[in-house]
Every structure is written in structure tokens, then in C-alpha cells.
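K.L.:
predicted structure and sequence below. I'll ask about it afterward.
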Amino acid sequence: QVQLVESGGGLVQAGGSLRLSCTATGRTFSSYAMGWFRPAPGKEREFVAAISWSGGSTYYADSVKGRFTISRDNAKNTVYLQMNSLEPEDTAVYYCAAAKGYNSARYYQTQTSFGSWGQGTQVTVSS
């Protein structure tokens, strides 16, 4: 397993942007698919975005598609979530997660697919 630490959260006005980062410990980061989740009403955590081990495939929730971009730098053991055109509804604690495996990003849409989680970073969007 890997240990994950998120950063980059903060307070931003609606329409603004933030970039979240998640850095992993360990030497096998490139063997993990990565994802971002946030809490949602009626769910423990809602899927936001995922990226495959190589970065070759990505997948997004409909609610963020076209506004958020997930990327990774395996040399830096880091995955990013670029969030643009933020809306007050995006306010949440964002959690980074890691899943060991080589499937395409579409496979990783549920929190049960992931074995390692970060502590979360708060994103607040004011109207």
C-alpha cells in the first residue's frame, strides 16, 4: 500500500480555479490507478475522477466533466486535480485514493476499488 497526502485546497470564488495535489510514498506509484472522491448527500464518498497507472486513460463524473482535469507525474509520485469554473456545489473535502492495478480509468468509479486513502483537503467555493 501507499500513503497519500493531499494539498492545494482553499477558499475560492465561484468561477475560480484550484489545483489539488496528492503525493504518494513508496517506489511503486506507477503501478497504481489514482482517483479523487468527495462526500455527497446520501453517499459516503462520490466519485470525481480517475486516472490509469500510466496516465493513458482518464474518467470523470458527469458533474465535473469539462471543468476538472486529472493528471499524474509518475516521476514525482504525484497526481493532480485541476479544477476550473468552480461552483458552490463543488464545496467539499476532496480525498485522493490509490488502487493497485492496470485497468483503464473507467474501471475505478467506486470507492471499494481503492485500498489507500489520503486525509482529505478542504475546498470551499463562495458564491
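P.N.:
Happy to help now that I have it. It should be emphasised that the depicted structure is a prediction, and the values quoted were computed from it without experimental measurement.

K.L.:
center of the protein, which residue is that?
P.N.:
Per Cα atoms, centre = their mean, the C-alpha nearest to the average position across the chain is that of residue 36, at 2.3 Å.

K.L.:
in three-state terms, label the residue lying closest to that residue once chain neighbours are set aside for me.
P.N.:
Leaving out its chain neighbours, the residue that sits closest to residue 36 by Cβ to Cβ, 6 or more residues apart in numbering is residue 48, at 4.3 Å. Quick note: C-beta positions are derived from backbone N, CA and C, even for glycine. Counting by DSSP: H, G, I helix; E, B strand; the rest coil, the backbone at residue 48 sits in strand.

K.L.:
same question, residue 34
P.N.:
Of the three states, residue 34 takes strand under three-state DSSP.

K.L.:
remind me which helix or strand the nearest residue to it once chain neighbours are set aside belongs to.
P.N.:
Setting aside the residues directly before and after it, residue 34 is nearest to residue 79 in space (Cβ to Cβ, 6+ apart), at 4.2 Å. Under the criterion of DSSP states H and E, residue 79 resides in strand 78-83.

K.L.:
partner strands of that strand, with direction?
P.N.:
Strand pairing for strand 78-83, using DSSP bridges, gives strand 18-24 (antiparallel), strand 68-73 (antiparallel).
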